[in-house]
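fold the stuff below for me.
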Amino acid sequence: MPKTIQQSVTLPAPAVDLYRMYLDPQRHAAITGAPVRIGARPGAPFRAFNGALSGKMLLARPGRMIVQTWRSTGFGRNDIDSTLVLTFWPRGKSGRIRLVHVNVADRDARGVTEGWKKYYWKPWRTYLTKKRRAR
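Numbers count the residues shown, from 1 in each chain. Below you'll find the predicted structure:
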């Protein structure tokens, strides 16, 4: 049975900047260390980690919310696409990202749960910390 993953993270950058970084292919790639194809308009394709992740943009509310269809190569052929909702919230000088990831294939739920931490939250924090030191 598909799973729902919920996570939140506070990162040392304004929420609006975090939103822009996620949607900017160059900065997204700098964060994750892998090329990405992404766009804000509905229907824009999403592809990351050499095709290990794919989907399309459903909705982008500037500075506030991103909704995508999403699947990984860990999903089975008959598994439906999951839906990823990222919301961005101000938290002082930092920003908070709230993730709700619905209909994640049961067979890949553990990998996706850990993957967000390992491939997004941790490197994003490292990226922002290095960027701050460079100033």
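
who are the contact partners of Arg125?
Residues in contact with Arg125 (CB atoms under 8 Å, 6 or more residues apart in numbering) are Val9, Leu11, Pro12. For glycine as for every other residue, the C-beta is placed from the backbone atoms N, C-alpha and C.

number of nearby residues for Trp124?
Number of residues near Trp124 (other CB atoms under 10 Å) recorded here: 23.

the least confident helix or strand in the chain by mean pLDDT: how far from the chain's middle?
Every helix and strand in the chain was compared by mean pLDDT, DSSP states H and E; the lowest is helix 122-134, with a mean of 88. When C-alpha coordinates are averaged (CA atoms, centre = their mean, to the nearest Å), helix 122-134 and its chain have centres 17 Å apart.

where do the strands sit along the chain?
3-11, 36-37, 45-48, 53-61, 65-72, 82-91, 94-104 (DSSP state E).

out of the ones you listed, flag the one nearest Thr129.
strand 3-11 (9.6 Å; CB to CB).

now the angle between strand 82-91 and the closest one, please.
Taking axes from the mean of the first three to the mean of the last three CA atoms, to 10 degrees, strand 3-11 and strand 82-91 form an angle of 30 degrees between their directions.

hmm, who's touching strand 3-11?
Strand 3-11 has contacts (CB under 8 Å, 6+ apart) with 18, 91, 94-106, 109, 112-113, 116-117, 121, 124-125, 128.

before we move on, what about stretch 88-107?
Contacts for stretch 88-107 (CB under 8 Å, 6+ apart): 1-19, 63-65, 70-72, 74-76, 79-87, 112, 116.

straight-line length of it, end to end?
28 Å (CA to CA, to the nearest Å).

what is the neighbour count of the closest residue to Ala44 other than its chain neighbours?
Using CB to CB, 6 or more residues apart in numbering and skipping the chain neighbours, the partner closest in space to Ala44 is Met57 (4.3 Å). Counted by other CB under 10 Å, the residues lying close to Met57 total 19.
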